[in-house]
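# Mind folding the following:
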Amino acid sequence: GARGRPPVLARCAGKVTTKQIMIDSKDVVVIGGGFAGLSASVALAVPQADGVVTDAAPGVDGIERFSIDLRQSASVQAALAEARSAVGPIEILINCAEEPIQRPFLDTHETEWRALVQVTLMGVFRVTQVVLPEMIGRGFGRVVNVASDTGRVGGAGRAVSSGCAGGVIAFTKTIARELA
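Below is the predicted model:
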């Protein structure tokens with residue numbers, strides 16, 4: 001792109017490995033999404049990075065911990081400032097927060113929809129908007145947005161989480177085009 005080496009955005013479905021993400025020993029990685037399930041797997045798969053930061057990594061060597069509420073812009077900004085101060089500029093961002101609702105759509109309520117959208121979709125928007133300008137300024141960065149394949153094909157009992165995953169997929173493609 002015209003801005004030098006722009007950030008790269010990628011979508012991973014299923015199991016994420018260091019082969020897919022290509023973590024270098026000098027990279028500073030931020031993983032948004034808690035320290036359970038996929039987020040834990042990603043955090044533990046990148047031990048060779050210079051700094052790995054996640055939002056709830058209790059007692060794992062080499063992983064810094066910060067507190068973040070993906071539903072609040074101020075919390076996202078403060079947590080990422082704390083992460084930068086702890087390990088340096090953020091070079092890789094892995095968005096993988098997911099709190100799926102696994103019930104038929106008609107058995108869900110708007111309160112659950114709002115909570116899910118705030119974390120799994122709006123959280124990706126918030127974190128990415130804070131991190132991208134510094135990546136663009138340095139001419140380097142990587143953003144990996146992890147979304148369930150149900151965002152592409154749907155899934156029984158996962159109407160709301162499928163909708164959020166589809167939003168993450170479309171967002172990723174759109175930002176990639178904007179930065180190309």
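
# gap between Ile136 and Gly151?
Counting by C-beta to C-beta, to the nearest Å, the gap from Ile136 to Gly151 is 26 Å. In short, each C-beta sits where N, CA and C put it, glycine included.

# Of the two, which one has the most company?
Using other C-beta atoms under 10 Å, the more surrounded residue of Ile136 and Gly151 is Gly151, with 22 against 17.

# The lengthiest helix in the chain packs against which elements?
Assignment by DSSP state H gives helix 159-179 as the longest helix of the chain. Judged by 3 or more C-beta pairs under 8 Å, 6 or more residues apart in numbering; DSSP states H and E, the packing partners of helix 159-179 are strand 8-12, helix 110-120, helix 122-138, strand 142-146, helix 150-153.

# Most tightly packed of these?
Neighbour counts (mean count of other C-beta atoms under 10 Å) averaged over each of the helices and strands packed on helix 159-179 peak at strand 142-146, with a mean of 23.

# Can I get that strand in CSV, CA atoms only?
What follows is strand 142-146, C-alpha atoms only, in CSV (Å, rounded to 0.1, in the frame of the first residue of the first chain):
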residue,chain,number,x,y,z
ARG,A,142,-0.6,-7.6,12.3
VAL,A,143,-4.2,-8.0,13.3
VAL,A,144,-5.7,-11.4,13.5
ASN,A,145,-9.5,-11.5,14.0
VAL,A,146,-10.7,-15.0,15.0
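
# what mean pLDDT does it have?
pLDDT averaged over strand 142-146 equals 85, rounded to a whole number.

# any idea how far Arg152 is from the nearest residue to Val76 once chain neighbours are set aside?
Spatial nearest neighbour of Val76, excluding adjacent residues (C-beta to C-beta, 6 or more residues apart in numbering): Arg126 at 4.5 Å. Distance, Arg126 to Arg152, by C-beta to C-beta: 23 Å.

# contacting residues around the residue lying closest to Ala115 once chain neighbours are set aside?
Of all residues not flanking Ala115 in the chain, Glu99 sits nearest, at 7.3 Å (C-beta to C-beta, 6+ apart). By C-beta atoms under 8 Å, 6 or more residues apart in numbering, the residues touching Glu99 are Ala115, Leu116, Val119, Thr120, Ser161.
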